[in-house]
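Enquirer: Next one to model:
(2 chains)
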Protein chains: 2
Amino acid sequence: MPIVTNARVLFNDVPKGYPEPGRTTVYDTSLEIDVEKTLPDGGFLIKTLVLAIDPYMRHRMRDRTVKSYMPAFERGQPLENFGVGVVLRSEHSSVSAGDHLYGLFPFQEYFVSKDPGPFRVLDNKEHLPWSTYVGVCGMPGQTAHHGWREYARPKKGDVVFVTAGAGTVGATVIQLAKMQGLKVIASVGSEEKVSFISSIGANVAFNYKTDSTLDILEKEGPINMHVPSSSGESLEAALETAAVDACFIECGMISGYNEEPYYVKNLDRIFKQGIQLCGFAVLRLQKWDDEFYKTIPGMVSRGEIQYSENVKRGLEHVGQAILDVQVGRNKGRTVILVQDE
Amino acid sequence: MPIVTNARVLFNDVPKGYPEPGRTTVYDTSLEIDVEKTLPDGGFLIKTLVLAIDPYMRHRMRDRTVKSYMPAFERGQPLENFGVGVVLRSEHSSVSAGDHLYGLFPFQEYFVSKDPGPFRVLDNKEHLPWSTYVGVCGMPGQTAHHGWREYARPKKGDVVFVTAGAGTVGATVIQLAKMQGLKVIASVGSEEKVSFISSIGANVAFNYKTDSTLDILEKEGPINMHVPSSSGESLEAALETAAVDACFIECGMISGYNEEPYYVKNLDRIFKQGIQLCGFAVLRLQKWDDEFYKTIPGMVSRGEIQYSENVKRGLEHVGQAILDVQVGRNKGRTVILVQDE
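Expert: Below is the predicted model of the structure:
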């Protein structure tokens, strides 16, 4: 198969509310590539294996004139997010054919890169599925791990409130907190997810769509930690029931990307209770990366950290997968299996 | 003068919006006291000299059923706030006649206490006016000092944004930041206050009622620190222009006590910029008290820390003084000089 289609998913139009498959993003098959003959021109040719679908991608679907912490996607160019690929051919001294690379990938089946700097070579001696390296062993797992290591000050008897508990960040935090013997209250958006977070150890698991977060926290709290913030409503309830000196570890808010967000009305609790609100973006805590790769994949392979994945095969499902993640219809971490190795 | 009026200011009624002098609080002269014969009954008789009027007192003017970090005032009983008094007579082993005590005082000219625990004996070897001990050398000065010592991480070149810069907390923070060589942007609510904060060293001083906080911060920032939060609008502008890893030291919000507060709309900046929002109530940082009393009164007496005071003579002015502070009509720290020693 010397010449094959080199499928891509392009950013096409800034959405007003939820992203629309086929309009916001377009699956494109207009490119072809000669996999055997394409010259990396001093760089290396990567075959994309898996790509992650993340909530924050919606934030990059904006007009390029609006500045933010992550650049906007460029219209007519492929989307970009964390992925794993295998190097087919390399002319670069520090990358070898057969290497598996992790980093920010274009949504494209094959591409050439000249700079190995942004990529990490994965050794994967545990032989985990590559999809885990964009999930519990990738950015969301790092978000949970790095935030916990940097900011959490767990003390015996502490109560932790975890929102979005079935997501990879939330589920990993639940399990890290349980390993330290803390009481974990966790919220999710469906009964099925309630079962999942109970199975991984949450002491109090509830569906915030049918139960009042505030009522549950008032009964089961006060809370000493909150990780991660997912919406204004849950943050407000968490502030309302926070113990003195509580620590809130905030690494993202999905609510508000697509609709008018809920504005928190009790920020005065921050000074009244002496709360520390610690915001972070995981890319700024890379000092914890080495510890992460040394410990987390092993814990995952031994079953000490469980995860939930929702694998879609083929780039043509990207548009719908992005929408499902925004709406919250995903069950577990959404990963696109682009192609087999 | 064996028998004199023992005037008080009583809490009378929970206000709906701004407190009304004569209705929310009542100046009462129905009590008398025989200053020479009243027996402290194992305690000590205090003559109240000065009392502070603080914004947060409005928060205590609520229904007693509403729980919070400070108890509500009791109807028919005197208001309470920080004061300084002199001991006239003592039957308690650890308090002597002539001692000057600082602590929470009832709004009453004379009173007996049996517990010296909540009071601090002031030595005042600098011979400062007693009013300073409920201001720059009292709770608001401690708020500035303790918050700065506990949370600030000043680095060369940092830019600090101080709101309510003419208040004792804000003005003290401006001067502490300037001593460390930082650039200080400070906002106040009148032209007169702009002059004051310029005189104590603010590099950029502006009136938030006539200039846009956001415009000024965008021009003069990004900001690395924000102290203390006074309103939703200023907090929002500060978040919007915060540098990566900025530190916000939050010790109170006056806006919202009397009217519907402004709800901050960009809390997502906390995680996007990795902002640390450190809330505290000064009473929980008492570990810094000894350092404070060892250093700040001396700096005040040497003129290294300037302050602005607005002294009213007589308890009958308390109701109006409380309203003026809530409306922001006060010029500098409002202190009631209850009586001369």
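Enquirer: State the helix or strand in which the most centrally placed residue in chain A lies.
Expert: In chain A, the residue lying closest to the centroid (Cα atoms, centre = their mean) is A:Pro140, at 3.9 Å. In the assignment (DSSP states H and E), A:Pro140 maps to helix A:139-151.
Enquirer: Which other helices and strands does the helix or strand just after that helix contact?
Expert: Next in sequence after helix A:139-151, counting helices and strands by DSSP H and E, comes strand A:159-162. Here strand A:159-162 touches helix A:168-179, strand A:183-188, strand A:223-227, going by 3 or more Cβ pairs under 8 Å, 6 or more residues apart in numbering or on different chains; DSSP states H and E. To be clear about C-beta, it is placed using only N, CA and C from the backbone, and glycine gets the same treatment.
Enquirer: Reformat these as JSON lines; add mean neighbour count, mean pLDDT and distance to chain B.
Expert: Compiled in JSON lines, those are given as follows (neighbours: other Cβ atoms under 10 Å in any protein chain shown; pLDDT from 0 to 100; distance: least, Cβ to the nearest Cβ, whole Å):
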{"stretch": "helix A:168-179", "mean neighbour count": "25", "mean pLDDT": "94", "distance to chain B": "12"}
{"stretch": "strand A:183-188", "mean neighbour count": "26", "mean pLDDT": "96", "distance to chain B": "18"}
{"stretch": "strand A:223-227", "mean neighbour count": "26", "mean pLDDT": "90", "distance to chain B": "11"}
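Enquirer: on that earlier part again, list the contacts of the residue nearest to the centre of chain A.
Expert: Each residue near A:Pro140 by Cβ atoms under 8 Å, 6 or more residues apart in numbering or on different chains is listed here: A:54, A:167-169, A:172, A:333.
Enquirer: Spell out which parts of chain A neighbour chain B.
Expert: Taking Cβ under 8 Å from any Cβ of the partner chain as the test, the list of chain A residues beside chain B reads A:68-69, A:228-229, A:232, A:235, A:244-245, A:250-253, A:256, A:261, A:263-265, A:267-281, A:284.
Enquirer: Quick one: buried ones out of those?
Expert: A:69, A:228-229, A:232, A:235, A:250-253, A:256, A:261, A:263-265, A:267-281 (16 or more other Cβ atoms under 10 Å in any protein chain shown).
Enquirer: How about the contacts made by the residue nearest to A:Gln306 when sequence neighbours are not counted?
Expert: Sequence neighbours aside, A:Ile200 is the residue nearest to A:Gln306 in space, at 5.0 Å (criterion: Cβ to Cβ, 6 or more residues apart in numbering or on different chains). By Cβ under 8 Å, 6+ apart, A:Ile200 lies in contact with A:171, A:174-175, A:178, A:306.
Enquirer: Which phi and psi values does A:Ile200 adopt?
Expert: A:Ile200 adopts backbone torsions of phi -100, psi 10, taken as degrees, to the nearest 10.
Enquirer: and it, what pLDDT?
Expert: pLDDT for A:Ile200: 96.
Enquirer: now swap in A:Asn258 and tell me
Expert: 57.
Enquirer: Same check on A:Gly252?
Expert: The model reports A:Gly252 with a pLDDT of 69.
Enquirer: pLDDT weak spots in chain A?
Expert: Within chain A, the ranges that satisfy pLDDT under 70 run A:1, A:229-230, A:252-260.
Enquirer: Give me the domain ranges for it.
Expert: For chain A, automatic domain parsing gives the domain ranges A:3-135+A:307-337, A:139-284.
Enquirer: hey, which of those domains is tucked in deepest?
Expert: domain A:139-284 (a mean of 21; mean count of other Cβ atoms under 10 Å in any protein chain shown).
Enquirer: give me the residue from the stretch 101-250 of chain A nearest chain B.
Expert: When distances are taken as Cβ to the nearest Cβ, the stretch 101-250 of chain A reaches nearest to chain B at A:Glu250, 4.8 Å away.
Enquirer: check contacts around that residue.
Expert: A:228-229, A:235, A:277-280, B:270-271.
Enquirer: just to revisit the earlier point, now the residue nearest to A:Gln306: how far from A:Ala177?
Expert: Shown here: A:Ile200 relative to A:Ala177, a distance of 11 Å by Cβ to Cβ, to the nearest Å.
Enquirer: Please apply the same query to A:Ala144.
Expert: Separation of A:Ala144 from A:Ala177 (Cβ to Cβ): 10 Å.
Enquirer: same check, this time on A:Leu101
Expert: Going from A:Leu101 to A:Ala177 by Cβ to Cβ gives 32 Å.
Enquirer: go on, A:Gly43?
Expert: 43 Å.
Enquirer: before we move on, the earlier item: which one of the contacts of A:Ile200 is nearest to A:Val318?
Expert: Each of these was checked against A:Val318 using Cβ to Cβ; the closest is A:Ala171, at 23.3 Å.
Enquirer: Span of stretch A:119-133 from start to end?
Expert: 13 Å (Cα to Cα, to the nearest Å).
Enquirer: and for it, what are the contacting residues?
Expert: Under Cβ under 8 Å, 6+ apart, the answer for stretch A:119-133 is A:49-50, A:84, A:95, A:99-103, A:113, A:137-138, A:289, A:297-298, A:300-301, A:307, A:309, A:311, A:335, A:337, A:341.
Enquirer: from those, which ones fall inside helices?
Expert: A:289, A:297-298, A:300-301 (DSSP state H).
Enquirer: What distance do you get for the closest residue to A:Ser199 other than its chain neighbours to B:Glu74?
Expert: Excluding the flanking residues, the one nearest A:Ser199 by Cβ to Cβ, 6+ apart is A:Gln306, at 7.4 Å. Look at A:Gln306 and B:Glu74: by Cβ to Cβ, they are 54 Å apart.
Enquirer: what does A:Thr65 give?
Expert: Separation of A:Thr65 from B:Glu74 (Cβ to Cβ) stands at 57 Å.
Enquirer: Pull up the pairing partners for the longest strand anywhere in chain A, direction included.
Expert: What stands out as the longest strand in chain A, according to DSSP state E, is strand A:80-90. If you go by DSSP bridges, strand A:80-90 pairs up with strand A:44-52 (antiparallel), strand A:100-106 (antiparallel).
Enquirer: The first one: how far from the chain's middle?
Expert: On the basis of Cα atoms, centre = their mean, to the nearest Å, strand A:44-52 is displaced by 18 Å from the centre of the chain it belongs to.
Enquirer: do the same with the last one
Expert: Mean C-alpha position of strand A:100-106 versus that of the full chain (Cα atoms, centre = their mean) differs by 14 Å.
Enquirer: and what of stretch A:327-338?
Expert: With Cα atoms, centre = their mean as the basis, stretch A:327-338 stands 10 Å off its chain's centre.
Enquirer: Now for A:Gly332: which residues touch it?
Expert: A:166, A:168, A:196, A:307-310.
Enquirer: one more time with 6 Å, if that's ok
Expert: Contact analysis of A:Gly332 by Cβ atoms under 6 Å, 6 or more residues apart in numbering or on different chains lists A:308-310.
Enquirer: What is the nearest of those residues to chain B?
Expert: A:Ser308 (23.2 Å).
Enquirer: any idea how far that closest one is from B:Val112?
Expert: Distance from A:Ser308 to B:Val112, by Cβ to Cβ: 66 Å.
Enquirer: now swap in A:Phe111 and tell me
Expert: Distance, A:Phe111 to B:Val112, by Cβ to Cβ: 83 Å.
Enquirer: The closest residue in space to A:Gly135 that isn't next to it in sequence bridge partners, please.
Expert: Once flanking residues are discounted, A:Gly135 sits nearest to A:Arg333: 4.3 Å by Cβ to Cβ, 6+ apart. Under DSSP bridges, the beta-bridge partners of A:Arg333 are A:Glu309.
Enquirer: these two touch, right, A:Arg333 and A:Val134?
Expert: No - look at A:Arg333 against A:Val134 with Cβ atoms under 6 Å: they stay out of range, at 8.1 Å.
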